[in-house]
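> what's the 3D shape of this:
(chains A and B)
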Number of protein chains: 2
Amino acid sequence: MPKSIQELTIGILGGGQLGRMLIQSGIDLNLDFHILDPDKEAPCHNFSNFTQGKLTDYNAVLEFGKSCDVITIEIENVNTAALQQLANQGKKVFPQPHLISLIQDKCLQKTFFLENNIPTADVIFIKNKAEAKLHAKFLPAVNKLAREGYDGRGVQVIKDESQMHKAFDAPGLLEKYIDFEKEISIIVARNEQGEIATYPAVEMVFHKEANLVEYLFSPATLAQEVLSNAEKIAQQVIETMKLVGILAVEMFVTKEGEVLVNEVAPRPHNSGHQTIEANVTSQYQQHLRAILNLPLGDTKIIQPSAMVNILGEPGYEGNAVYNGLDDVLKMSSAYVHLYGKKTTKPFRKMGHVTLLEDNLDQLKMNALYVKEKLKVISDK
Amino acid sequence: MPKSIQELTIGILGGGQLGRMLIQSGIDLNLDFHILDPDKEAPCHNFSNFTQGKLTDYNAVLEFGKSCDVITIEIENVNTAALQQLANQGKKVFPQPHLISLIQDKCLQKTFFLENNIPTADVIFIKNKAEAKLHAKFLPAVNKLAREGYDGRGVQVIKDESQMHKAFDAPGLLEKYIDFEKEISIIVARNEQGEIATYPAVEMVFHKEANLVEYLFSPATLAQEVLSNAEKIAQQVIETMKLVGILAVEMFVTKEGEVLVNEVAPRPHNSGHQTIEANVTSQYQQHLRAILNLPLGDTKIIQPSAMVNILGEPGYEGNAVYNGLDDVLKMSSAYVHLYGKKTTKPFRKMGHVTLLEDNLDQLKMNALYVKEKLKVISDK
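Residues are numbered from 1 along each chain as shown, chains lettered A, B, ... in the order given. Below you'll find the predicted structure:
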């Protein structure tokens, strides 16, 4: 008889906020988690079964995986050779290791889009800065490192030839700069038996300085035709990949209404935090359902929402102090999520607040109010 | 400078499902919990900082409390002398120990209602069976043990003199049997500065054999006048007690629309499980806000709901197996909460399912469907 889901040990590579919210959701189904993270004070550290170890280390990942039945990730930068070895040994590893490898490398990821007719911005693959300099005519462009870019690192805009000197001197790509109307994300889920569920698109507003999501609005306000097209594209990506788990598909919508895939993330994603309160099934529960081959949940929106990332205040570094929490708790339908990170630093993701409200203008005002009131500073 | 809420250690006496859902909610505010429970496999056992110890033992509670800044309960049957000692030492103990003592004893609780003009059924206090037998004319009545009744234990109906032989031979009470129209519950919350928040009334449907809540419907369908009266009474109880925390006020509504307080529980309660998904603020978050003197949250209903208690199937005892989980996961807006109890026994509370649905008839059908499909049996 196969083990029931309660008898399985679920390993998560990464003990950050995404892992923390996965565990918080998994409590409802009485699931048993083991966590691996290099930081002994990671957001998941005070849950049982926390192992300190390097996610990129073959032996650490292999050893960790031995005690697990199902292994998943909350960050892409992990040792996929060890995961493949575990899969070969019969462990369920979702998302599949070869897909994590594909997505880890933005050049491979982009090649996958091109080969599978997934609409995406024009690109030139480059090996180093010298090669980049040969393509001044391609500017303005977004210059991305192939590997290890994350939360705004390893991505920059090169407007014209005068800025070419700052091009990364490492393998990566130059993507045609898209003067987009909106940046949206659609989260899709797929379980082992191939069932697919698609969340309604959300709109992301990026922090200019930190280059990471500052606000999110759900649902995206776009023409129905554009939304349908974006949903089809997101489904096309996950079906083509045959990925098991959830996949956040980040897309640009151009001023002409064209939809272009920017990049994808095979895990719970910042653009799905609001699903905890604002959608019937949260992205965290959905990811667990997908990797355990359970029926996928309804993705429907319960109420329009905004999500505000709570970032470490510039100028502060040290033990985190949350100023203005009471002001936010006084608001109706404001859901505070702190990630339990002991120390803050400028623009570190320390938490988020989800706001529910039928009126979009009110939502935006509430989001600004939260941003203004809730500040993460340090104790000295 | 006072400690921030994240720096406080919050002790919970009791590591059952209510403690588990408190912790699950407290993750959002990055709170630090310590748990005391006699059962090393209690639902909270796999959270960090779990101490095995007897809740009714003076020294165990005192010792446990020393490491905490704020102490609360998830079950009333605890050593209140130790809690009072901890309060005397300057610990925050909420609900206040003298109120736990009052509520622990159903005779004291009833006397409190009578002395404070809180409407309640007529009563005769009795010391033993012999004394009960003197009051045959008072029948039909509900015979309750003064102490340690819980989840249907220590409560029985005595219809007429022929049944008087089964009266409890211990201190307790005979309450006039109320041929009620409905049994409702209102949860009220109060923080240290005296702010009060009131949840809309819910209707409880009891399991006849097990004498515990089987279904719950939110909101209660009653005349507005009756509901307003019930809310006022619930507020009167918590204000008169000056209780800090949440209080579930269980009430009978008679066929004439009269509202009578049955009993109260000074902690998260079975009649508030649905607030996790169906109300703006869950009872768990509300209890934490109350004991931490934070602004109380909005109690508004987001959507009508039903809650089904998942009880151990009669005839099964041993390691729990959840049959029919997939059928429930396939439903839209069905929220499964399993409590992580390793072993099942007949009528043991093993979990609950909350259902959201605008249409009341559909809600009832869905509740019956869940009851029919999801069964907790044992593995042998």
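
> all contacts plus neighbour counts: C-alpha atoms, from now on.
Noted.

> wouldn't residue A:28 be in contact with residue B:337 here?
Yes: between residue A:28 and residue B:337 there is a contact at 4.3 Å, judged by CA atoms under 8 Å.

> Tell me which stretches of the stretch 251-380 of chain A form helices.
Taking DSSP state H, counting those that start in this stretch as the test, the helices found in the stretch 251-380 of chain A are A:275-278, A:283-291, A:325-329, A:360-373.

> and the third one, what other elements does it pack with?
Put plainly, it is helix A:325-329. Here helix A:325-329 touches strand A:334-338, helix A:360-373, going by 3 or more CA pairs under 8 Å, 6 or more residues apart in numbering or on different chains; DSSP states H and E.

> what about these, which gets the closest to residue A:290?
strand A:334-338 (23.9 Å; CA to CA).

> Provide the strand pairings for that closest one, with the direction of each partner.
strand A:349-356 (antiparallel) (DSSP bridges).

> so how far is chain B from residue A:56?
27 Å (CA to the nearest CA, to the nearest Å).

> same check, this time on residue A:83
Distance, residue A:83 to chain B, by CA to the nearest CA: 26 Å.

> Repeat that for residue A:163.
43 Å.

> Near that residue, how many other residues are there?
Other residues near residue A:163 come to 13 when the count uses other CA atoms under 10 Å in any protein chain shown.

> Roughly how far does it sit from residue A:142?
To residue A:142, residue A:163 is 12 Å away according to CA to CA, to the nearest Å.

> same check, this time on residue A:55
Distance, residue A:55 to residue A:142, by CA to CA: 28 Å.

> Is the residue in the stretch 1-150 of chain A that chain B sits nearest to in a helix, a strand, or coil?
Closest to chain B within the stretch 1-150 of chain A is residue A:28: 4.3 Å, counting by CA to the nearest CA. Assigned with DSSP: H, G, I helix; E, B strand; the rest coil, residue A:28 falls in the helix class.

> Show the contacting residues for it.
When contacts are counted by CA atoms under 8 Å, 6 or more residues apart in numbering or on different chains, residue A:28 touches B:336-339.

> Close to chain B: what parts of the stretch 51-200 of chain A are there?
Contact residues, the stretch 51-200 of chain A versus chain B (CA under 8 Å from any CA of the partner chain): none.

> Longest helix in chain A, please.
In chain A, assigned by DSSP state H, the helix with the most residues is helix A:224-241.

> Could you pull out the buried residues of that helix?
A:227, A:230-231, A:233-239 (16 or more other CA atoms under 10 Å in any protein chain shown).

> In JSON lines: the residues you listed, plus distance to residue A:206 and pLDDT.
Shown next, in JSON lines, are those (distance: CA to CA, whole Å; pLDDT from 0 to 100):
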{"residue": "A:227", "distance to residue A:206": "20", "pLDDT": "98"}
{"residue": "A:230", "distance to residue A:206": "20", "pLDDT": "98"}
{"residue": "A:231", "distance to residue A:206": "21", "pLDDT": "98"}
{"residue": "A:233", "distance to residue A:206": "22", "pLDDT": "98"}
{"residue": "A:234", "distance to residue A:206": "21", "pLDDT": "98"}
{"residue": "A:235", "distance to residue A:206": "24", "pLDDT": "98"}
{"residue": "A:236", "distance to residue A:206": "26", "pLDDT": "98"}
{"residue": "A:237", "distance to residue A:206": "24", "pLDDT": "98"}
{"residue": "A:238", "distance to residue A:206": "25", "pLDDT": "98"}
{"residue": "A:239", "distance to residue A:206": "28", "pLDDT": "98"}
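
> Distance to chain B for these - can I get that in CSV?
Shown next, in CSV, are the buried residues of helix A:224-241 (distance: CA to the nearest CA, whole Å):
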residue, distance to chain B
A:227, 23
A:230, 24
A:231, 20
A:233, 25
A:234, 22
A:235, 20
A:236, 24
A:237, 24
A:238, 21
A:239, 21
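
> quick revisit: and the contacts of residue A:28, which two are furthest apart?
The largest separation in the contacts of residue A:28, counting by CA to CA, is between B:336 and B:339 at 9.8 Å.

> what residues do these two have in common as contacts?
In contact with both residue B:336 and residue B:339: A:28, B:351, using CA under 8 Å, 6+ apart.

> Who has more neighbours out of these two?
Ranked by neighbour count (other CA under 10 Å), residue B:336 and residue B:339 place residue B:339 first, with 23 against 20.

> There's contact between the more buried one and residue A:31 in this structure, I believe.
No: checked against CA under 8 Å, the pair residue B:339 and residue A:31 is beyond contact range at 10.3 Å.

> What count of nearby residues applies to the closest residue to residue A:133 other than its chain neighbours?
Spatial nearest neighbour of residue A:133, chain neighbours left out: residue A:164 (6.4 Å); criterion: CA to CA, 6 or more residues apart in numbering or on different chains. Residues lying near residue A:164 (other CA under 10 Å) number 20.

> Need the per-residue pLDDT for residue A:14.
With respect to pLDDT, residue A:14 scores 98.

> which residues touch it?
Counting by CA under 8 Å, 6+ apart, residue A:14 has contacts A:35-37, A:55, A:73-75.

> ranking the helices of the stretch 251-380 of chain A by burial, who's on top?
Of all the helices of the stretch 251-380 of chain A, helix A:283-291 has the most neighbours on average by mean count of other CA atoms under 10 Å in any protein chain shown, namely a mean of 26.

> Not counting its own residues, what contacts it?
A:21-22, A:25-26, A:70, A:72, A:94-95, A:187, A:189-192, A:244-246, A:267-268, A:272-273, A:275-276, A:295-297.

> returning to that earlier point: neighbour-wise, which of residue A:55 and residue A:142 wins?
Taking other CA under 10 Å, residue A:55 and residue A:142 do not tie; residue A:55 has more neighbours (24 against 18).

> give me the low-pLDDT residue ranges for the stretch 151-300 of chain A?
Scanning the stretch 151-300 of chain A for pLDDT under 70 picks out A:151-152, A:210-212.

> can you do 90?
A:151-154, A:205-214 (pLDDT under 90).
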